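this one's structure only:
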Ligand code: HEM
Ligand SMILES: [Cu+2]
Ligand SMILES: [Cu+2]
């Protein structure tokens, strides 16, 4: 085992729990988020395990119906609001944005720390709601079920999500100001790493969209607490209005989850193909296009809700349009491989897995955008499969790739490359076995959120649960070897992958002030091959 | 209905159209998906870093023609998908004129179905083959969704409003009916069957002369049709005090009302469809007929969803110049 040289870095600059809980260092705040969301992911996964066990047999025999309904609801809420939305932005965005743009910290370090506390307070409310009985409305909180019929802890969960929303808003604001004002000399917009572009687009969605869902949840709370008629027709409200408001945020929220991953993929692929990114401007601008168009397609969640046919047509055509920028990104990543010098370290395996799974997720999205087809597959397992391909196959795979890619930078340690490769393969195989059968189930007509189901669906459900076991193993393995590496991993150099980018020019782990002298940027991003001097 | 398969049964006039669209989408997706997969794998092998490589990829920044091509081509294909999907959807949205109407009321956790001829059923719907059926739906509590996979149709039953769906079954048989919108504890038990019958068998069934085999099912036998129930309600609820006779002493005559254009005191107008009749009974003050006083009381909370449908059905049957 090697011991760290006596260089001060952000990890050993200060000791004690206080030095962490009161830190203003963006890197330490990133680590705080890393620990919190990992715990949330474990909780969400536990719920998923129980769901899959119940679905092993057609009868609803493992847990009771009410319990099942709470399980999938809490699984969705924890995974979306407390794991995936903050994952890449709050952990890696926090850690890397200042490093990538040659800044000392984010624009508002105190606000950054406050965002984490806001997230934690929201999380505690939601956990409290879960411990004291749980919620059963589905993560979508559809009215009037959520406002009048449900007997579970809707109000407290809503308060938790409402509070956590502010964490997103503040983080988004912080990123936008930072990217605008704190770039190193010479770092023009079109020299920014695509990771930064992706986070810029994500932040825009966060500050524009999150207030809408906050207000919507607030209205649900008011109707539930005071019986004010907003969504419940019995009180003179309109239940469909809720769906409009909810999806106005929650569709763009899908892009909050996937855009940062797309940024990650651009970084990883260029590094391991030793190539400039193909079509830099197109990838950068397509992120913005996605952020803008993403706000215009919410109605595709409501094709069977008796909205007007003409509204449905408009939402359908716009949904097809928003698929194009995503397709453009996939083509550009593929073209980046052309005439590269490709190696296959673990981050690259995760990135290639991303391309495969995201492509399937994106293509099946077209099925759902297609009006006549969506009527049949809406609210079936087809949808469950589709959004897991995007959110787990895409976003989570990108997150894992990112963690493996920047782990040496964050911790100063290398992990076992061999174990990481095994994990990447397990995740890819397990994921497909879990979720591909669900496309078939969906087209066969198995509705989602079903505690019990007709016998003929069992074979496919057993396949899915089997796959989930492999997938779970694929997630557990990194947890072990990454933790292990913290103590036993070989020391990492400043630039173990020989990657381009300012974050690799400073030692691993970086000093508290990030750079000894403010870097000056003279080139575009991804200037592979690196000059000798840059390879530290 | 209950053996393992990988593709659902296709048993309505629309299901073939949906499947055709589905296969088209699967085909195009396979093409693009495999294209990407093969390119990625091929290049990963072809350009892998070999021992002794300098570790430098070629200096390529991009290619405008390619970018334009791979934006335009998918866009055009996407528009074909849109058009195809939209036209199938239009067909689904427009029930044929000769469709037979059936009322559907969802409630936690059952489907109540009402034939205009009188029979009522729960969680089970008998229909004749080769006959378009129009469903007029609502819900008594939360949102439910009426879903018959074999027919490829689904429509939400939303409280406080009417929604419609239609289908024409093409094969005699029994098919799953599911609730597809999460509605609470027993959501996964809010299921039933659609029984598609030969027209003559259906007629027998309709007139109550069903065989013993059906006796165990969940049907609720009722002898009176919705229009008859509506007529009774019309009297019992005192509608007759104001809507009696052709001229109407205090309120307008409702004869021949259905489908007519209505003009309101505030200058707006509307066509008298089911939604309008519902609104007129539940919230009369929201649309005052031109030339009348706002004296009609609200019946909100006093008549249940099935009663409302019955009243509306009764009003629909009133011929012009009838009582
Ligand atoms: C980042 C990871 C994940 C996210 C963001 C996520 C998100 C979601 C969401 C939003 C739902 C819908 C919940 C609802 O209907 O209210 C859901 C359902 C479900 N998830 Fe996940 N999920 C993740 C990981 C997983 C994993 C790893 C598994 C399997 C092992 C899994 C299995 C399921 C199943 C089976 C359902 C369907 C429940 C039902 O509709 O009855 N999820 N997930
Ligand atoms: Cu959406
Ligand atoms: Cu339901």
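Right, received. Where do you want to start? Everything quoted here is computed from the prediction, not taken from an experiment. Ligands and ions are numbered 1, 2, ... in the order given.

CA only for contacts and neighbour counts going forward, please
Fine.

SS state for the residue lying farthest from the centre of chain B?
In chain B, residue B:52 marks the outermost C-alpha relative to the chain mean, sitting 66.1 Å out by CA atoms, centre = their mean. Three-state call for residue B:52 (DSSP: H, G, I helix; E, B strand; the rest coil): coil.

Same question for the one 4 residues further on.
Following three-state DSSP, residue B:56 is assigned to coil.

give the contact list for it.
For residue B:56, the contact set (CA atoms under 8 Å, 6 or more residues apart in numbering or on different chains) comprises A:274, A:275, A:340, A:341, A:528, A:529.

okay, now residue B:200: neighbour count?
11 (other CA atoms under 10 Å in any protein chain shown).

Would you mind measuring from it to ligand 1?
From residue B:200 across to ligand 1, the span is 41 Å (CA to the nearest ligand atom, to the nearest Å).

so that residue sits in a helix?
Yes: assessed by three-state DSSP, residue B:200 belongs to a helix.

any idea of the pLDDT on whatever residue of chain B ends up closest to ligand 1?
Proximity of chain B to ligand 1 (CA to the nearest ligand atom) peaks at residue B:182, 8.5 Å away. Predicted confidence (pLDDT) at residue B:182: the value is 97.

before we move on, what about residue B:322?
Reported pLDDT for residue B:322: 47.

on that earlier part again, lowest pLDDT pick from the contacts of residue B:56?
Among the contacts of residue B:56, residue A:529 has the weakest pLDDT, 74.

Tell me where the chain is predicted with low confidence.
Using chain A. A:1-6, A:531-536 (pLDDT under 70).

that answer is for a different chain, and I need it for chain B
B:1-2, B:55, B:209-223, B:245-249, B:321-323.

Now do the domain split for it, please.
B:1-41+B:64-94, B:100-206, B:226-317 (automatic domain parsing).

For ligand 1, what's the nearest residue on the stretch 351-500 of chain A?
Closest point on the stretch 351-500 of chain A to ligand 1, by CA to the nearest ligand atom, is residue A:449, at 3.1 Å.

related to what we said a few turns ago, quick check: which of the domains of chain B is buried the most?
The highest average neighbour count among those, using mean count of other CA atoms under 10 Å in any protein chain shown, belongs to domain B:100-206 at a mean of 22.

what about that domain, distance to the chain center?
Its chain's C-alpha centre and that of domain B:100-206 lie 9 Å apart, by CA atoms, centre = their mean, to the nearest Å.

thinking again about what came up before, right, and the residue of the stretch 351-500 of chain A closest to ligand 1 touches residue B:182 too?
Yes: between residue A:449 and residue B:182 there is a contact at 6.6 Å, judged by CA atoms under 8 Å.

so which of the contacts of residue B:56 is the most crowded?
residue A:274 (30 neighbours).

wait, isn't that one in contact with residue A:338?
No: taking contacts as CA under 8 Å, residue A:274 lies outside contact range of residue A:338: 10.6 Å.

For those two, list the residues in contact with both.
Joint contacts of residue A:274 and residue A:338 (CA under 8 Å, 6+ apart) do not exist.

quick one: the helices in the stretch 1-150 of chain B?
Ranges of helices in the stretch 1-150 of chain B, per DSSP state H, counting those that start in this stretch, are B:15-46, B:64-93.

Now these in a markdown table, please, with extra columns for distance to ligand 3.
Listed next are these as a markdown table, based on distance: least, CA to the ion, whole Å:
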| stretch | distance to ligand 3 |
| --- | --- |
| helix B:15-46 | 23 |
| helix B:64-93 | 22 |
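
Rebuild these as JSON lines, extending it with distance to residue A:280.
Output for those, formatted as JSON lines (distance: least, CA to CA, whole Å):
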{"stretch": "helix B:15-46", "distance to residue A:280": "19"}
{"stretch": "helix B:64-93", "distance to residue A:280": "11"}
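
Leaving out the residues flanking it, which one is nearest to residue A:437?
residue A:460 (5.7 Å; CA to CA, 6 or more residues apart in numbering or on different chains).

Give me the neighbour count for the one you found.
23.

Could you look up the SS state of the residue sitting nearest the centre point of chain B?
Among the residues of chain B, the one closest to the centroid is residue B:165, at 2.8 Å (CA atoms, centre = their mean). Using three-state DSSP, the secondary structure recorded for residue B:165 is strand.

what's across from it in the sheet?
Beta-bridge partners for residue B:165, by DSSP bridges, are residue B:135.

Now do the contacts for it.
Residue B:165 neighbours (CA under 8 Å, 6+ apart): B:92, B:93, B:95, B:134, B:135, B:136, B:153, B:154, B:155.

what's the answer for residue A:227, then?
residue A:235.

One more: residue B:307?
B:229, B:230, B:233.

out of those, who's near ligand 3?
Among the contacts of residue B:307, no residue lies close to ligand 3 (CA under 5 Å from the ion).

okay, these in CSV with distance to residue A:516 and secondary structure next?
Shown next, in CSV, are the contacts of residue B:307 (distance: CA to CA, whole Å; DSSP: H, G, I helix; E, B strand; the rest coil):
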residue, distance to residue A:516, secondary structure
B:229, 86, helix
B:230, 85, helix
B:233, 86, helix
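
quick one, helices of the stretch 101-250 of chain A?
Using DSSP H, counting those that start in this stretch, helices in the stretch 101-250 of chain A cover A:109-131, A:154-181, A:194-226, A:239-273.

next one: the stretch 151-300 of chain B
B:199-206, B:226-236, B:274-282.

I'd like these laid out as a markdown table, including distance to residue B:29.
Below are the helices of the stretch 151-300 of chain B laid out as a markdown table (distance: least, CA to CA, whole Å):
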| stretch | distance to residue B:29 |
| --- | --- |
| helix B:199-206 | 41 |
| helix B:226-236 | 49 |
| helix B:274-282 | 41 |
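
Those: which one's closest to residue A:122?
Among these, the nearest to residue A:122 by CA to CA is helix B:274-282 (41.4 Å).

immediately after the closest one, which helix or strand?
Counting by DSSP states H and E, the element after helix B:274-282 in chain order, helix or strand, is helix B:305-317.

ok, back up a step: tell me which residues of the host helix or strand of the residue nearest to residue A:437 are tucked away?
Taking DSSP H and E as the criterion, residue A:460 maps to helix A:458-488. Residues of helix A:458-488 classed as buried: A:458-475, A:477-478, A:481-482, A:485-486, A:488 (neighbour count, 16 or more other CA atoms under 10 Å in any protein chain shown).
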